[in-house]
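> Pasting a predicted model and its sequence here:
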Amino acid sequence: MSQVQGSGIPGILRTLREYLAFYCGLGLLASVSLLWSVLALPLSLVLPRKWKKRTGRLVITMGFRIYLRALSIMGACRFDLKALDILQGESPMIIAPNHPSLMDALMVISRLPNLACIMKSELVDNVFFGAGARLAGYIRNDSLRGMIYLAVEDLRSGSHLLLFPEGTRSNRLPIGTVRGSIALIAKEAGVPIQTVLIETDSAFLTKGWPFFRKPSMPIHYRIHLGQRFDPPTDVRVFTAELESYFQSALVDAKLPHLPAVTDVHSS
Ligand SMILES: CCCCCCCCCCCCCCCC(=O)OC[C@@H](O)COP(=O)(O)O
């Protein structure tokens, strides 16, 4: 698990600094999330309905923005996310990134304040993220019908919607199987799908990465925008088209080799 990089005192110091950044990074996320949970719970009782979502989303965006800035200052990560900024203020659409790691949602949310998020239900039930996610009106993914209904409603109210087309972190490179729910929601809401291409040079928090294993640092993340698709008419045809688009758009992307998964880069 531990790896000392380089030899002698400089190598040991560098490794120590990385461990410090790693545990500070995790500790900081846990602390701010827990703090926001404690505040979000009473706020959800007293705030007027229309302010809950707006406040909840803004606080999470600003919180993650500051958090990612802190990771950069600690030397843990380097982020290039500016491509997302041009989407701010644009009309409702689905934001559809490939999903190499658990950092992806934080990066996208940190740049887009008017964003709903389809979220794994275990995370909505989690003590660190649950109250904040509920205040922000994020949508849990355990009931397909409920998820589609709430997502369409939210888009109609003018928000962006973050939805990872694979529904889980990539289990195959450059992208796993695309699910039909994204096309169903886009068709029903009549909104376009903006693809987002995420690149990283580290397997940190990819599928199967042990949560407390320190990666080499700094980790580089880069986001750029892919093609924007019109609302689909045929869900099945569009789902296949979207997967094949990601396959070709990411063919030269910088992505880590995932342990024990298929890599089309090398086939
Ligand atoms: C002030 C800042 C802190 C406040 C925190 C409160 C609420 C935080 C919400 C965090 C949103 C996280 C994201 C959601 C999308 C999602 O669910 O991603 C994870 C899955 O794809 C991973 O699936 P899998 O690969 O199957 O484990």
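On my side now, so go ahead.
> C-alpha from now on. contacts and neighbour counts both.
Will do.
> pLDDT weak spots in the protein?
Applying pLDDT under 70 to the chain picks out residues 1-7, 259-267.
> where does it come near the ligand, residue by residue?
32-33, 36, 59-60, 63-64, 102, 105, 118-120, 129, 132-133, 167-169, 207 (Cα under 6 Å from any ligand atom).
> For the stretch 151-267 of the chain, just list every one of the helices.
Counting by DSSP state H, counting those that start in this stretch, the segments of the stretch 151-267 of the chain that form helices are 181-189, 235-249.
> right, so the ones you listed: which one is the most enclosed?
The highest mean neighbour count among those, using mean count of other Cα atoms under 10 Å, belongs to helix 181-189: a mean of 22.
> Could you say which helix or strand holds L71?
Per DSSP states H and E, L71 falls inside helix 49-73.
> I'd like to know which elements that helix is packed against.
On a contact count with 3 or more Cα pairs under 8 Å, 6 or more residues apart in numbering; DSSP states H and E, helix 49-73 meets helix 8-46, strand 77-80, helix 103-111, helix 130-135.
> which one of the ones you listed has the most crowded surroundings?
helix 130-135 (a mean of 24).
> For that helix, name the packing helices and strands.
So helix 130-135, by 3+ Cα pairs under 8 Å, 6+ apart, packs with helix 8-46, helix 49-73, helix 121-124.
> Pipe those helices into a markdown table and attach distance to I94 per row.
Formatted as a markdown table, the helices and strands packed on helix 130-135 follow (distance: least, Cα to Cα, whole Å):
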| stretch | distance to I94 |
| --- | --- |
| helix 8-46 | 25 |
| helix 49-73 | 16 |
| helix 121-124 | 20 |
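> quick one: which of these is nearest R228?
helix 49-73 (23.2 Å; Cα to Cα).
> Kindly calculate the angle that that closest one makes with helix 8-46.
Using axes from the mean of the first three to the mean of the last three Cα atoms, to 10 degrees, the direction of helix 49-73 lies 170 degrees away from that of helix 8-46.
> Centre of the chain to helix 49-73, how far?
For helix 49-73, the separation from the chain centroid amounts to 14 Å (computed by Cα atoms, centre = their mean, to the nearest Å).
> and what of stretch 141-155?
18 Å.
> Would you mind extracting the C-alpha trace of that stretch into PDB?
Provided in PDB are the C-alpha atoms of stretch 141-155 (Å, rounded to 0.1, in the frame of the first residue of the first chain):
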ATOM      1  CA  ASN A 141     -31.500   6.700  -8.400                       C
ATOM      2  CA  ASP A 142     -33.200   3.700  -6.800                       C
ATOM      3  CA  SER A 143     -36.600   4.000  -8.400                       C
ATOM      4  CA  LEU A 144     -36.400   4.400 -12.200                       C
ATOM      5  CA  ARG A 145     -39.900   5.900 -12.600                       C
ATOM      6  CA  GLY A 146     -39.400   8.300  -9.700                       C
ATOM      7  CA  MET A 147     -36.000   9.300 -10.900                       C
ATOM      8  CA  ILE A 148     -37.200  10.000 -14.400                       C
ATOM      9  CA  TYR A 149     -40.300  12.000 -13.100                       C
ATOM     10  CA  LEU A 150     -38.200  14.200 -10.800                       C
ATOM     11  CA  ALA A 151     -35.400  14.700 -13.300                       C
ATOM     12  CA  VAL A 152     -37.900  15.900 -16.000                       C
ATOM     13  CA  GLU A 153     -39.600  18.200 -13.500                       C
ATOM     14  CA  ASP A 154     -36.300  19.700 -12.500                       C
ATOM     15  CA  LEU A 155     -35.200  20.300 -16.100                       C
END
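> Pull the longest strand belonging to the chain out as CSV, backbone CA atoms only.
Counting by DSSP state E, the longest strand found in the chain is strand 219-229. Extracted C-alpha coordinates of strand 219-229, given in CSV (Å, rounded to 0.1, in the frame of the first residue of the first chain):
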residue,chain,number,x,y,z
ILE,A,219,-3.2,14.0,-9.9
HIS,A,220,-4.1,15.8,-13.1
TYR,A,221,-7.8,16.2,-14.1
ARG,A,222,-8.9,17.9,-17.3
ILE,A,223,-12.4,18.5,-18.6
HIS,A,224,-13.5,19.5,-22.0
LEU,A,225,-16.8,19.7,-23.7
GLY,A,226,-17.9,17.1,-26.3
GLN,A,227,-20.7,17.1,-28.8
ARG,A,228,-24.1,18.5,-27.8
PHE,A,229,-26.9,16.2,-29.0
